[in-house]
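Peer 1: Here is a sequence together with a model predicted from it:
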Amino acid sequence: MLKYDNFYFPLLPTPFIRRNPFALHLPHSWQAEVTEYYLFVTLWMMGNYGANVLLPLFLLSNGYSLAQIVIVYLINEVSLIFFLFFTSTILKRWGFRIVLAFGILVFTAFLMLLTRLEHFHDFWSALPFLAVVFALRGFGKAFLNFGHEVFMIKVATMHSGGKSVSWFRICMIVASVLTPAVVGVTAYVYGFDIAFFCLAVLSALSMIPLFLIPNHRFQIKYKPKSLVPLLRTRIKKRYIFAEVGRSFADGVIFLTWPVFVYLAVENVKDVGFITSASAFLSIIVAYLVGKSLQDSKRSEGIFRHGVRISAFFYFLRAAFPTPILLVLVDAFNRICESVVQVNYETRCYRYLRSLSDQNKIEIVHVRCLVIECVYVLALVYVLVVALLFETPTPMMFVIMFAFAAATILLMTQILAVRSPILAPSHLWLKRLFRKG
């Protein structure tokens, strides 16, 4: 059962909505709090993307090996999985908004602590500090990831799945366009500590739109120990394979791509510009794909071809270690990725919502757990390959990207996980397709 605070009831018809007088609502066709949520996502993802770009480069420029960098990121992932088991308790006790606020506070503290990294001169002296810092990052990301999935499944995709997912994708792309170039220049001119401080400010600013969102509260009737039996007996194996296809390649690229670009251009400023330029072209694509998903037959063909092309460009980027070609190849890859990710996420949320006999918060917990376990596997794979090479070489990245690209093809397994979209509880989708 869903409870709301005293501001307004977003799921009621528009004439009966009581609005928060302090919220700046822009005209849109979704629930009243979605605009504020998208602004929140954009700001905190700017802090997240900036850290993903700068942190590996900072460690690499200070003499850390790629294997050592992967080890500290594994600490982050293991702590994230551990803290996921506490998120539902916080959600039940204090509500959706407090979960996200708590995650933002911890993530901002993580970014502030990164400004102290320059005081350590080698990996082993910094390892205890890095372990604490990355465990803290995992703590914050556990709450942020969990809160986001709750919002997407319980609120945003209830009436307009394709549009909601495409707008979230656009928020991510805007953050990935703006942040890398800005923080790259900041780190190049003023140093990494100032750049990390700027990212912490962006993360903290996301609290403003967050507190314009109603504090949804949920009745939770499951215990974390029930997740494994649910995962084994109720969740379809094809869905798990599809999540492997989605998350494994992402787990490889989010750490190795900044390192690969940095080794190609040898300049943190240029890394930021290349990352921003290659992300810009995919904004319009994400929006158009979200609208096209109303045609289920057409979207299935687009998705199949998009997965194959995305896998091809994912691998191809390792073959062009020059700035202009990196921009072009990565731009094409991001365009294909927008087509694939919006389509995939829409189908994924549709399937998860179709499990009407299961507590949706429990389903959220299962999905977060699956994704993070796949990320651990991806980082272990990167670590194994990195240990086979004394120093990063083009061949090392070719090997990493080739296998990760092959796993992307597993994403098409989501097409076999069909939800009962025309069942009585999903009549809104039937009306949506008729409008298309």
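Peer 2: It's in.
Peer 1: Residue 90: neighbour count?
Peer 2: 18 (other C-beta atoms under 10 Å). C-beta here means a position set from N, CA and C on the backbone, and glycine is covered the same way.
Peer 1: and whichever strand or helix holds it, what other elements does it pack with?
Peer 2: In this structure, residue 90 sits in helix 66-94 according to DSSP states H and E. In terms of contacts (3 or more C-beta pairs under 8 Å, 6 or more residues apart in numbering; DSSP states H and E), helix 66-94 is packed against helix 34-61, helix 96-114, helix 123-151, strand 217-218, helix 237-265, helix 360-388.
Peer 1: again, only this time at 10 Å
Peer 2: Under the contact definition 3 or more C-beta pairs under 10 Å, 6 or more residues apart in numbering; DSSP states H and E, helix 66-94 sits against helix 34-61, helix 96-114, helix 123-151, strand 217-218, helix 227-233, helix 237-265, helix 360-388.
Peer 1: Give the buried residues for that helix.
Peer 2: 66-81, 83-84, 87-88, 90-91 (16 or more other C-beta atoms under 10 Å).
Peer 1: what angle separates it from helix 34-61?
Peer 2: 150 degrees (axes from the mean of the first three to the mean of the last three C-alpha atoms, to 10 degrees).
Peer 1: Distance from helix 66-94 to the middle of the chain?
Peer 2: How far helix 66-94 lies from its chain's middle: 14 Å, per C-alpha atoms, centre = their mean, to the nearest Å.
Peer 1: Repeat that for stretch 247-259.
Peer 2: That offset, for stretch 247-259, works out to 12 Å (C-alpha atoms, centre = their mean).
Peer 1: Next: stretch 81-100.
Peer 2: 18 Å.
Peer 1: I'd like to check the angle between the helix ranked longest in the chain and helix 123-151, please.
Peer 2: In the chain, taking DSSP state H as the definition, the longest helix is helix 323-354. Interaxial angle, helix 323-354 versus helix 123-151 (the same axes, to 10 degrees): 50 degrees.
Peer 1: and the helix holding residue 90, average pLDDT?
Peer 2: If you average the pLDDT over helix 66-94, you get 90.
Peer 1: Okay, angle between it and helix 360-388 too, please.
Peer 2: Using the same axes, to 10 degrees: helix 66-94 against helix 360-388 is 170 degrees.
Peer 1: Kindly calculate the angle that helix 66-94 makes with helix 237-265.
Peer 2: 130 degrees.
Peer 1: What residues does residue 122 make contact with?
Peer 2: 62, 63, 64, 68 (C-beta atoms under 10 Å, 6 or more residues apart in numbering).
Peer 1: okay if I get the helices and strands packed on helix 66-94 as CSV plus distance to residue 402 and mean neighbour count?
Peer 2: Converted to CSV, these look like this (distance: least, C-beta to C-beta, whole Å; neighbours: other C-beta atoms under 10 Å):
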stretch, distance to residue 402, mean neighbour count
helix 34-61, 21, 23
helix 96-114, 32, 22
helix 123-151, 28, 20
strand 217-218, 43, 19
helix 227-233, 30, 13
helix 237-265, 10, 21
helix 360-388, 10, 20
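Peer 1: Would you mind giving the ones you listed as JSON lines with distance to residue 309 added?
Peer 2: What follows is the helices and strands packed on helix 66-94, written out as JSON lines (distance: least, C-beta to C-beta, whole Å):
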{"stretch": "helix 34-61", "distance to residue 309": "24"}
{"stretch": "helix 96-114", "distance to residue 309": "34"}
{"stretch": "helix 123-151", "distance to residue 309": "27"}
{"stretch": "strand 217-218", "distance to residue 309": "39"}
{"stretch": "helix 227-233", "distance to residue 309": "31"}
{"stretch": "helix 237-265", "distance to residue 309": "14"}
{"stretch": "helix 360-388", "distance to residue 309": "21"}
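Peer 1: out of the ones you listed, which comes closest to residue 417?
Peer 2: helix 237-265 (4.7 Å; C-beta to C-beta).
Peer 1: so where's this structure shaky on pLDDT?
Peer 2: 1-33, 155-164, 224, 266-298, 322-324, 356-358, 418-436 (pLDDT under 70).
Peer 1: Between the helices and strands packed on helix 66-94, which one is closest to residue 190.
Peer 2: helix 34-61 (12.3 Å).
Peer 1: The closest one versus helix 96-114: what angle between them?
Peer 2: Using the same axes, to 10 degrees: helix 34-61 against helix 96-114 is 20 degrees.
Peer 1: what's helix 34-61 packed up against?
Peer 2: Packed next to helix 34-61, using 3+ C-beta pairs under 10 Å, 6+ apart, are helix 66-94, helix 96-114, helix 123-151, helix 161-190, helix 192-205, helix 207-210, helix 237-265, helix 268-280.
Peer 1: Mind giving me the packing neighbours of the shortest one?
Peer 2: Yep, that's helix 207-210 we're talking about. By 3+ C-beta pairs under 10 Å, 6+ apart, helix 207-210 packs against helix 34-61, helix 96-114.
Peer 1: what's next to that helix, contact-wise?
Peer 2: By C-beta under 10 Å, 6+ apart, helix 207-210 touches 23-24, 33, 35-44, 97-98, 100-101, 103-105, 108, 147.
Peer 1: Pull out the CA atoms of it and give them to me as PDB.
Peer 2: Written as PDB, here are the backbone C-alpha positions of helix 207-210 (Å, rounded to 0.1, in the frame of the first residue of the first chain):
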ATOM      1  CA  MET A 207      19.200  18.100  -2.300                       C
ATOM      2  CA  ILE A 208      17.200  21.100  -3.300                       C
ATOM      3  CA  PRO A 209      15.000  19.500  -5.900                       C
ATOM      4  CA  LEU A 210      14.900  16.300  -3.900                       C
END
